[in-house]
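Peer 1: I need the structure of the sequence given here:
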Amino acid sequence: MKKIITSLGFLAFLLASFQVSAQKYATHAVKEGETLQSISQQYRVTPYTILQSNKEIKTAEDVKVNTILIIPLDGSAVTTETQPQENDPKEQIRPISFSRHRVRKRETLFGLTQRYDITEEQLKKYNRQLYAEPLKKGMVLQIPKFPELTEEEERALDFETYLVQPKETRWSIAHKYGITVDSLVTLNPDLDKGSSHLAIGQELKLPRPKGDSLEDQQVDLFTSFTVPAKQTLYSLGREYGIPSDSIVKLNPEIMKQGGLKEGMVLRLPKKRDTSGDVNTENFIFYEVKPKQNIFRLTQNLNVTRQELFDLNPELENGLKAGMVLKLAKAKSEGLEVKNALVLDKINLVDSIDVQNRPKLVFMLPFRLDRINFNDSKKTSNQIKTRRDLALSLGFYSGAMVALDSIKKMGVSVDVKTYDTELNQAKVKEILFRENLLGVNAIIGPVTASALDEVAVQAAGKDIPVIAPVASESQLSHGNVFYSVPKEDVLREKMLSYLKKIHTDENVVIIADSTHQVAHDSILSKFPAAEIAKIIDNKSLHLDRFLIQLSEEKENWVFVETDQPNMVSSVSSILNSAITEEMSVRMFTTNYSSAFESDAISSTHLSNLRFAYPSFYRQAGSDAFTKAYEKKYRGLKPDRYAVRGFDLTFDVLLKLAHKNNLFQTSQIVGLTEYTGNSFNYFNEMASGYYNKASYLMEYDSLRIKEIKLDDL
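Peer 2: Take a look at the predicted model:
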């Protein structure tokens, strides 16, 4: 007999499994006159099942004409709330036995849960008729009996598994749960320490929200509520986000008076803010620092005390370091915001910790294997003609000035320099031979393949790698800092600026076939733009082009090409078109070496007030320039030397502030130096991308920066 019962049980399990996998659903558009009750009868399911399957429907009153409902045809709600979850410790506990209980007159669900020390959900789970109908006298119920929990299991019940939603960050989730970011990281030790990135769908262990448990709650977390007509415990629980039995536990008079009555004054937890999803689309966030006070916060964040408390009611219990506060996204203006986090302004020069001793590695293609130092003339010629040599030597000369500067500030730096010889095998040899343990940052290499090689090796030791020049890789490297902004970042900065100042100017686009992306981007901002015809992808159809220029409006002409001859020809034509009646300006969204060719007249570019986006600006006569000239006996720094100083000094200052470049980049925003700016954003754990750039224009034969603050 025992064998037969076991077999039947197994068959029942298989049947149940089949029914779940074969579950079917229908959609129903609510018609005039239909109600939740009539629809449930039509499909032979309970009203509760429909409510559970359509989370946007809170009560029967929400079922309105044209509402689209999901109807589970087998009667099982389209939800996992009432099903055991493998990752929920509370639901992993199985009953060790059952007892029977016949319902007596005036017994309630709450009374039964208190008598048998179970939750209302556990009672309903093993008596599914309670989902469809109220408790009635004479009902025979199965009462589950659970094993005693260990201390560890009881602690586990205080936590839940949370799935990261789109546009959420560590700060938004910490705010939602009322914990610090440090606590979130402590609860989830697998989180990447070098990045704040969270993947959509990532599982986090978090404390159960207050309201799920009524223990240890403070008086000032509650509010009074007067019960209106037709209010039910179920709808009240949904409204305040707590179980019905918790409401009764807080208000025992409900039991004494035989249920919820109109006019009752109840004690309930304060409602959570429902002004919008707590994510980066709706809010920005601020992490409270030690020794801050409310007055200082309102001044720094440009908010009133009332605005701060309205969005963050937990402040009524006092301001604590580590709290994550949310602010309306409209408050972003005037604040430095990075990944939706408001950054405190940090002066890196004044924030140096001389106890930090950065260990820095340079890996650049000096090509010492190709240089004959006994032939100074040939060596000089090589440096002038080979871009890789000019870049490496110029960059490194500026980096040496940065090392001198940081040393004068009291910071000791351990430096190692390797010549990659522009050779992949050499890079592998260096990595195999040298121990990178303890290195705080690697600057270089310059080629994409060598950068990939170094990044992979460095990632295993949590070492950041800084790409000194523009680099495109097919691989995702979470530890690489791409110091040169991507083309789309530069293009967007140029177009956003022009869109902002555009009135009724006549826009004309000249783009060859290799610049289709630029062509489409400009057209998306200026849909009425004229498109110039290009012959053989090399030259303008001149007659047609001249007709497209306007004498009534200023002409904005975009030139998108990498061909110096085409730039020279177009700039000459446009310069000739300028008259008292016709005004012309020239722009590009992709400033390449074509615009720096000797064949192009600087006078023409100046007359056209040619403007372009750039990741660097012209260096002035500042402290670096003077230090460079002094170190190298009057030699003026070129563009590569300026970049070498700026990038190296930026890395060293950040490491001197906090000896972890990943962490510093999360709390430090825009940094500016002689000719370069840096503002790194971590994008989907695929690396850190610099989004700082400039807009430059020719004016009176000089190149100057367009100051956006002056608009």
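Peer 1: residues contacting Val342?
Peer 2: Val342 makes contacts with Ile284, Phe285, Tyr286, Leu301, Leu327, Leu335, Glu336, as judged by Cβ atoms under 8 Å, 6 or more residues apart in numbering. (Glycine included, C-beta is placed from N, CA and C.)
Peer 1: can you add distance to Ser99, pLDDT and secondary structure and give the residues you listed back as JSON lines?
Peer 2: Formatted as JSON lines, these follow (distance: Cβ to Cβ, whole Å; pLDDT from 0 to 100; DSSP: H, G, I helix; E, B strand; the rest coil):
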{"residue": "Ile284", "distance to Ser99": "54", "pLDDT": "90", "secondary structure": "strand"}
{"residue": "Phe285", "distance to Ser99": "50", "pLDDT": "92", "secondary structure": "strand"}
{"residue": "Tyr286", "distance to Ser99": "53", "pLDDT": "92", "secondary structure": "strand"}
{"residue": "Leu301", "distance to Ser99": "58", "pLDDT": "88", "secondary structure": "helix"}
{"residue": "Leu327", "distance to Ser99": "54", "pLDDT": "92", "secondary structure": "strand"}
{"residue": "Leu335", "distance to Ser99": "61", "pLDDT": "85", "secondary structure": "coil"}
{"residue": "Glu336", "distance to Ser99": "63", "pLDDT": "85", "secondary structure": "coil"}
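Peer 1: which one of those residues is nearest to Leu495?
Peer 2: Lowest distance from Leu495 to the contacts of Val342 (Cβ to Cβ) belongs to Glu336, with 23.2 Å.
Peer 1: follow-up on the earlier one: give me the buried entries from the contacts of Val342.
Peer 2: Taking 16 or more other Cβ atoms under 10 Å as the criterion, what is buried in those is Ile284, Phe285, Tyr286, Leu301, Leu327, Leu335.
Peer 1: got a list of what the fourth one touches?
Peer 2: Residues touching Leu301, when contacts are defined by Cβ under 8 Å, 6+ apart, comprise Tyr286, Leu308, Leu327, Lys331, Leu335, Val342.
Peer 1: pretty sure the second one contacts Arg296?
Peer 2: No. With contact defined as Cβ atoms under 8 Å, Leu308 does not reach Arg296; the gap is 11.6 Å.
Peer 1: residue ranges with poor pLDDT in the stretch 151-300 of the chain?
Peer 2: 151-158, 193-194, 208-222, 241, 243, 270-276 (pLDDT under 70).
Peer 1: please enumerate the strands of it.
Peer 2: Listed from the start of the chain, the stretch 151-300 of the chain has strands (DSSP state E, counting those that start in this stretch) covering 159-163, 203-207, 222-226, 265-269, 283-287.
Peer 1: who has more neighbours, Leu308 and Arg296?
Peer 2: Each of Leu308 and Arg296 has its neighbours counted (other Cβ atoms under 10 Å); Leu308 has more, 19 against 12.
Peer 1: let's have the strands of the stretch 151-300 of the chain in JSON lines, adding distance to Leu475.
Peer 2: Formatted as JSON lines, those follow (distance: least, Cβ to Cβ, whole Å):
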{"stretch": "strand 159-163", "distance to Leu475": "28"}
{"stretch": "strand 203-207", "distance to Leu475": "26"}
{"stretch": "strand 222-226", "distance to Leu475": "54"}
{"stretch": "strand 265-269", "distance to Leu475": "49"}
{"stretch": "strand 283-287", "distance to Leu475": "31"}
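Peer 1: now stretch 192-203: buried residues?
Peer 2: By 16+ other Cβ under 10 Å, the buried positions in stretch 192-203 come out as Gly194, Ser195, Ser196, His197, Leu198.
Peer 1: list the contacts of the closest residue to His541 other than its chain neighbours.
Peer 2: Once flanking residues are discounted, His541 sits nearest to Lys533: 4.0 Å by Cβ to Cβ, 6 or more residues apart in numbering. If a contact means Cβ under 8 Å, 6+ apart, then Lys533 has Leu540, His541, Arg544, Phe545 as its contacts.
Peer 1: domain map for the chain?
Peer 2: Domain assignment for the chain, taken from automatic domain parsing, gives 24-79, 89-155, 358-485+620-692, 487-614.
Peer 1: quick one: closest of the ones you listed to Met323.
Peer 2: Nearest of the domains of the chain (Cβ to Cβ): domain 358-485+620-692, 16.2 Å.
Peer 1: okay, how far is it across that closest one, tip to tip?
Peer 2: Terminal residues of domain 358-485+620-692 are spaced 25 Å apart (Cα to Cα, to the nearest Å).
Peer 1: longest helix in the protein, please.
Peer 2: Identified as the longest helix of the chain according to DSSP state H is helix 387-408.
Peer 1: check which helices and strands that helix sits against.
Peer 2: strand 359-364, helix 376-385, helix 623-631, helix 639-657 (3 or more Cβ pairs under 8 Å, 6 or more residues apart in numbering; DSSP states H and E).
Peer 1: highest average neighbour count across the ones you listed?
Peer 2: Highest mean neighbour count of these: helix 639-657, a mean of 25 (counted as mean count of other Cβ atoms under 10 Å).
Peer 1: then that one to CSV, C-alphas only?
Peer 2: Provided in CSV are the C-alpha atoms of helix 639-657 (Å, rounded to 0.1, in the frame of the first residue of the first chain):
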residue,chain,number,x,y,z
ARG,A,639,50.7,69.0,-27.8
TYR,A,640,52.1,65.6,-26.8
ALA,A,641,54.1,67.0,-23.9
VAL,A,642,51.1,68.9,-22.7
ARG,A,643,49.0,65.7,-22.8
GLY,A,644,51.7,63.7,-21.1
PHE,A,645,51.8,66.2,-18.2
ASP,A,646,48.0,66.6,-17.9
LEU,A,647,47.2,62.9,-18.0
THR,A,648,50.0,61.8,-15.6
PHE,A,649,49.4,64.7,-13.2
ASP,A,650,45.7,63.8,-13.1
VAL,A,651,46.4,60.2,-12.3
LEU,A,652,49.0,61.0,-9.7
LEU,A,653,46.8,63.6,-7.9
LYS,A,654,43.9,61.1,-7.8
LEU,A,655,46.2,58.3,-6.4
ALA,A,656,47.6,60.7,-3.9
HIS,A,657,44.1,61.5,-2.7
